[in-house]
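J.: Got a predicted structure plus its sequence, pasted below:
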Amino acid sequence: MDMNYPAEAEAFRAEMRAFLAENLPADWKGTGGLPEHEVAGFTASWRETLYKHGLLALTWPVEYGGGGQPWVNQIVLAEEFARAGVPTGGPNDAFGIQMVGNTILRWGTEEQKRHFLPRIISGEDKWCQGYSEPNAGSDLANLGTRAVLDGDEWVINGQKIWTSAGHLANWIFVLARTDPEAPKHKGITFLLVPMEQTGVEVRPIRMISGDSEFNEVFFTDARTPASNVIGSIGAGWSVAMTLLGYERGEAAATLSIRFKDELERLMELAVESGANRDPVIRDRLAWCYSRVEVMRYLGLRAMTSLLGGQEPGPESSISKLYWSEYHQVVTELAVDILGSRALSPTGRRPSTAFRTDDAGAPNSSNSWDMVFLNARAGTIYAGTSQVQRNILGEMVLGLPKEPRADAGPWSKIPQSLKQP
Ligand SMILES: Cc1cc2nc3c(=O)[nH]c(=O)nc-3n(C[C@H](O)[C@H](O)[C@H](O)COP(=O)(O)OP(=O)(O)OC[C@H]3O[C@@H](n4cnc5c(N)ncnc54)[C@H](O)[C@@H]3O)c2cc1C
């Protein structure tokens, strides 16, 4: 098996190195080298530079504003950007380009593609994800937000929660129930909804760190044109699953690059502090190293599927489960190695897999304790570890399905007996 990249990809790598040398200061040390208050400003102007040079949505077709480049070039770009310590997009690009953009490419009409995709790339439209609700997290199909057709518009009522970067967005993709009589997975429609209207209220949720990176979003007779359905009415579940595949799996091919970089930074700090002389610390570092190597091979497997034109499916849960659980271990080790130094910037900003952090904001802290805290969320967002294991068991390994609360003998037990 030839593990080398083709000559064209290596030529693109040289192009990327020249681009980085030209557009970053000579003494550039990565976003970690910036004072914390400058990170968000840098990220915004860096995104603009990427846009001007056609380096956002590199693999999308040219007619929709994309770069029309092969997948392998996207991987090369991610490698070179990780080495330089710069993000591959802005704070809402994971929701815009990676999630809803790829989903529109897969399910949208020609008109929707021509309208929405260029606006995602230009940054005119900034997106967030309206999936979770107070009563619908892991059991997403339990969602209760309603949408009713009124002439040529949908009228939406309900509430979403944990909406990351919702305060920075002007569009939200919403899973709404459009047929309450249908079985719960069948009556759902995938809607694109403008946020700048009186019927949409965004309320920030304040976290233990003092930051507010996610929100509650309330819809009170909010409206969107009838044509803003992706896929067909009542068939939103399949569209939602495509999007989750991109959310969990699209980055799989390149994740190990960032984790390797992060681990190397940690090893340097261990050497500096002398912690590397402790055999237990060495053992833990070696454990992390071997996990990142496994991730590299998982990444090569993901790369092979992408290059073969396959869209990420349920197997993307392998990558999601693996990196999120690994990240909790390595950041715990970082805190053990650094002690109280973990609380202040070390000048070596860990490059985490957290989607908004990847873009440099809003988790722009240079300190490892914040990365440690963010890693706790990694096994929850985009589906918890338990949910990933269920998906892998049922949809990848073909094991029997877990018993459903609303089916089988359990469903016949009166509600009063289930809830004491
Ligand atoms: C940082 C962060 C950002 C987020 N951003 C967004 C966003 O932008 N948009 C959005 O829509 N949502 C977002 N979420 C929400 C996220 O998708 C949900 O938190 C997640 O799906 C879990 O749902 P829940 O919190 O309701 O927990 P629950 O579903 O109530 O789960 C509670 C516990 O029960 C376990 N559990 C539940 N069902 C099963 C089962 N069948 N088998 C075994 N165990 C089970 C879970 O694993 C978990 O441990 C975000 C969450 C976080 C932490």
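T.: Perfect, thanks for sending it.
J.: need the helices for the stretch 1-150 of the chain, in chain order.
T.: In the stretch 1-150 of the chain, the helices defined using DSSP state H, counting those that start in this stretch lie at 7-23, 36-52, 71-84, 93, 102-107, 110-122.
J.: Looking at the ones you listed, which is nearest to G234?
T.: helix 102-107 (13.8 Å; CB to CB). Heads up, the C-betas are built off the backbone N, CA and C, glycines and all.
J.: how deep is the residue of the stretch 101-250 of the chain found nearest the ligand tucked in, by neighbour count?
T.: Going by CB to the nearest ligand atom, the ligand is nearest to G137 of the stretch 101-250 of the chain, at 1.8 Å. When neighbours are counted by other CB atoms under 10 Å, G137 registers 17.
J.: what sits against the closest residue to P180 other than its chain neighbours?
T.: In this structure, P180 finds its nearest non-sequential neighbour in G187, 6.2 Å apart by CB to CB, 6 or more residues apart in numbering. Counting by CB atoms under 8 Å, 6 or more residues apart in numbering, G187 touches 177-181, 234.
J.: okay, these in TSV with pLDDT next?
T.: TSV is the format used below for these (pLDDT from 0 to 100):
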residue	pLDDT
R177	98
T178	98
D179	97
P180	96
E181	96
G234	97
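J.: Export those residues as JSON lines, with columns for secondary structure and distance to the ligand.
T.: Formatted as JSON lines, these follow (DSSP: H, G, I helix; E, B strand; the rest coil; distance: CB to the nearest ligand atom, whole Å):
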{"residue": "R177", "secondary structure": "strand", "distance to the ligand": "15"}
{"residue": "T178", "secondary structure": "coil", "distance to the ligand": "18"}
{"residue": "D179", "secondary structure": "coil", "distance to the ligand": "21"}
{"residue": "P180", "secondary structure": "coil", "distance to the ligand": "20"}
{"residue": "E181", "secondary structure": "coil", "distance to the ligand": "25"}
{"residue": "G234", "secondary structure": "coil", "distance to the ligand": "20"}
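J.: Output those as CSV; include the columns distance to E402.
T.: CSV is the format used below for those (distance: CB to CB, whole Å):
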residue, distance to E402
R177, 24
T178, 28
D179, 26
P180, 25
E181, 26
G234, 26
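J.: Just the buried ones from those residues?
T.: For these, a burial check counting by 16 or more other CB atoms under 10 Å picks out 177-178, 234.
J.: near the ligand, which residues of the stretch 151-300 of the chain show up?
T.: Selection of the stretch 151-300 of the chain residues close to the ligand by CB under 6 Å from any ligand atom yields 162-164, 214.
J.: cutoff 8 Å now
T.: Proximity of the stretch 151-300 of the chain to the ligand is confined to 160-166, 213-214 under the rule CB under 8 Å from any ligand atom.
J.: Scan the residues you listed and report the most crowded one.
T.: Of these, with other CB under 10 Å as the count, G166 tops at 29 neighbours.
J.: what's the following helix or strand after the longest helix seen in the chain?
T.: For the chain, the helix that runs over the most residues, judged by DSSP state H, is helix 279-307. Next helix or strand after helix 279-307 toward the C-terminus (DSSP states H and E): helix 316-338.
J.: Can you list the buried residues in that next one?
T.: 316-324, 326-328, 330-331, 333-335, 337-338.
J.: could you say what helices and strands it packs with?
T.: On a contact count with 3 or more CB pairs under 8 Å, 6 or more residues apart in numbering; DSSP states H and E, helix 316-338 meets helix 236-249, helix 252-273, helix 279-307, helix 368-378, helix 385-391.
J.: what's the closest of the residues of the stretch 151-300 of the chain next to the ligand to A7?
T.: Nearest to A7 among these, with distances taken as CB to CB, is A165, at 38.8 Å.
J.: ok, back up a step: the helices of the stretch 1-150 of the chain: which one's closest to G299?
T.: With distances scored as CB to CB, the stretch of the helices of the stretch 1-150 of the chain nearest to G299 is helix 71-84 (8.6 Å).
J.: rewinding a little: most tightly surrounded among the helices of the stretch 1-150 of the chain?
T.: Counting by mean count of other CB atoms under 10 Å, helix 93 has the highest mean neighbour count of those, with a mean of 27.
J.: tell me the mean pLDDT over that one?
T.: For helix 93, mean pLDDT is 93.
J.: Any part of it near the ligand?
T.: No. Helix 93 stays clear of the ligand (CB under 8 Å from any ligand atom), getting no nearer than 13.4 Å.
J.: How much space separates M370 from E213?
T.: For M370, the distance to E213 equals 11 Å [CB to CB, to the nearest Å].
J.: what does K113 give?
T.: Distance from K113 to E213, by CB to CB: 30 Å.
J.: got it, and Q98?
T.: Counting by CB to CB, the gap from Q98 to E213 is 17 Å.
J.: And V396, by the same measure?
T.: To E213, V396 is 31 Å away according to CB to CB.
J.: repeat for F173
T.: Counting by CB to CB, the gap from F173 to E213 is 18 Å.
J.: With E402 instead?
T.: Counting by CB to CB, the gap from E402 to E213 is 32 Å.
J.: Quick one: residues contacting S290.
T.: For S290, no contacting residues are found, by CB under 8 Å, 6+ apart.
J.: about what we covered before: tell me the mean pLDDT over the longest helix of the chain?
T.: On average, helix 279-307 scores 91.
J.: and that helix with helix 71-84, angle?
T.: 150 degrees (axes from the mean of the first three to the mean of the last three CA atoms, to 10 degrees).
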